[in-house]
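**Q** below are the sequence and a predicted model for it; my questions follow.
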Amino acid sequence: MDDSGDKVREIRINPIVPTESVLVATARGMRPKKAEEQVERDRRARVESCPFCRGNEDRTPPEIKAFPPGAGWDIRIVPNLYPVLGDDRSQSNIAFGLQQVIDGYGRHEVVIDNPNHGIALHEMTDAHLSSLFSVYRQRMEELYRSDPRLKYVLIFKNFGAAAGASIAHTHSQVIATPVVPENVQNEVAHSRDYYRKYNHCVFCSLLDEALTYEATIYDRESGEIRRKINVGQYVIERGRRFVAIKPFASRFEWEIHILPLQHQADFLKASAEDLDDFARVLRRTMARLDKVVGGVQYNFFLHSVPHGSEFDNCQDSYHWHLEICPRTSIPTGFELGSGLFVSTVSPELAAEALRNAVIEDS
Ligand SMILES: [Zn+2]
Ligand SMILES: [Zn+2]
Ligand SMILES: [Zn+2]
């Protein structure tokens, strides 16, 4: 590759949330590299002292649900032992997005997403991942149905100590709140503005650009890769119904988003076939990340259209997605203080490295 195009120093505006920006500042010749301080992950299949391992079910609060029911569960939902919010209105406040403080009413649950203690997402089968996301969907549905005051059900996962996971056993979390988290609210509001202006979903517009970009790379007569900057977002993995892209203005160096190719605002409307394809795209994306970054610690969170009649008019403008944010660097005081994220790997190079990673298929 030609080195001359490597040096990037520019502020990129997030097209979905224009108030959010990223400073992309990379040195000449800087290549995507493995994070220096990766902690070796716990690969044990079972740990006697772990409350989330099979056989230790009595060490968690009473189970909400297990799939399949009984001792041979594959996925198990329990209340969070240390909820950030609860049924009780006297609970202390919770901060969302560092700014929004809400009353602590809501639900907080843990999804033990695999009986295997140390398994990574890309080591799970497509069938298991599909079941996991269908369990999320079911839980979301039930929570919304159980309490009309709940406006948002946030599904997220912290994997690894750097990503804030306090228990090593692979798990994810469900938090249901009577307010919409600020990040989602911003996306909803800005995409609605965009729709009013252009009569088109901004996520679909970005996908169009990302997919066109991919075609440009492979169709060139000379076989050369001509780098294009500022054309949108880049494809890492493509399925029949879903695509994984590297956002043009990524807050995190290795951040990846997975979206349905066909417009869909609400994760609750994803079909079984959708989730099967989603699972495959997710597994292959995580395998690429593992290959390129190595033992990656990350957060993922699911963004879907919020619940409630005031969001009925967002069905055409909002587009559900999964955001995967690997934690390969720690935000600096500058980033936290300014709200401007700094990325030292150009999103173009990161996308290229991920796309070119050779992964095993199954
Ligand atoms: Zn365990
Ligand atoms: Zn769309
Ligand atoms: Zn989002």
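**A** Received it, and whenever you're ready, just let me know what you need. Ligands and ions are numbered 1, 2, ... in the order given.

**Q** residue boundaries of the helices in the stretch 151-300 of the chain?
**A** Taking DSSP state H, counting those that start in this stretch, the helices of the stretch 151-300 of the chain run over residues 182-198, 202-219, 272-293.

**Q** and the ones you listed as TSV, adding mean pLDDT?
**A** Output for those, formatted as TSV (pLDDT from 0 to 100):
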stretch	mean pLDDT
helix 182-198	94
helix 202-219	71
helix 272-293	96
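
**Q** return the most buried member of these.
**A** Across those, averaging neighbours per residue (mean count of other C-beta atoms under 10 Å) puts helix 272-293 on top, at a mean of 21. Heads up, the C-betas are built off the backbone N, CA and C, glycines and all.

**Q** one step back: now render the helices of the stretch 151-300 of the chain as TSV, adding distance to ligand 2.
**A** TSV is the format used below for the helices of the stretch 151-300 of the chain (distance: least, C-beta to the ion, whole Å):
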stretch	distance to ligand 2
helix 182-198	8
helix 202-219	3
helix 272-293	14
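
**Q** and Ser172, which of those is closest to it?
**A** Of all the helices of the stretch 151-300 of the chain, it is helix 272-293 that lies closest to Ser172, at 12.5 Å by C-beta to C-beta.

**Q** does that closest one pack against any helices or strands, and if so which?
**A** helix 126-146, strand 234-238, strand 242-246, strand 256-260, strand 321-326, helix 347-356 (3 or more C-beta pairs under 8 Å, 6 or more residues apart in numbering; DSSP states H and E).

**Q** can I get it in PDB, CA atoms only?
**A** Only the C-alpha atoms of helix 272-293 are listed here, as PDB (Å, rounded to 0.1, in the frame of the first residue of the first chain):
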ATOM      1  CA  ALA A 272     -36.000 -16.100  13.100                       C
ATOM      2  CA  GLU A 273     -34.400 -16.000   9.700                       C
ATOM      3  CA  ASP A 274     -33.100 -12.500  10.300                       C
ATOM      4  CA  LEU A 275     -31.500 -13.600  13.600                       C
ATOM      5  CA  ASP A 276     -29.900 -16.600  11.900                       C
ATOM      6  CA  ASP A 277     -28.200 -14.400   9.400                       C
ATOM      7  CA  PHE A 278     -27.400 -11.800  12.100                       C
ATOM      8  CA  ALA A 279     -25.700 -14.500  14.200                       C
ATOM      9  CA  ARG A 280     -23.500 -15.600  11.400                       C
ATOM     10  CA  VAL A 281     -22.400 -12.000  10.600                       C
ATOM     11  CA  LEU A 282     -21.800 -11.300  14.300                       C
ATOM     12  CA  ARG A 283     -19.700 -14.500  14.800                       C
ATOM     13  CA  ARG A 284     -17.600 -13.800  11.800                       C
ATOM     14  CA  THR A 285     -17.100 -10.200  12.700                       C
ATOM     15  CA  MET A 286     -16.000 -11.100  16.200                       C
ATOM     16  CA  ALA A 287     -13.600 -13.700  14.700                       C
ATOM     17  CA  ARG A 288     -12.100 -11.000  12.600                       C
ATOM     18  CA  LEU A 289     -11.700  -8.700  15.600                       C
ATOM     19  CA  ASP A 290     -10.100 -11.500  17.500                       C
ATOM     20  CA  LYS A 291      -7.700 -12.200  14.600                       C
ATOM     21  CA  VAL A 292      -6.700  -8.600  14.200                       C
ATOM     22  CA  VAL A 293      -6.800  -7.200  17.700                       C
END
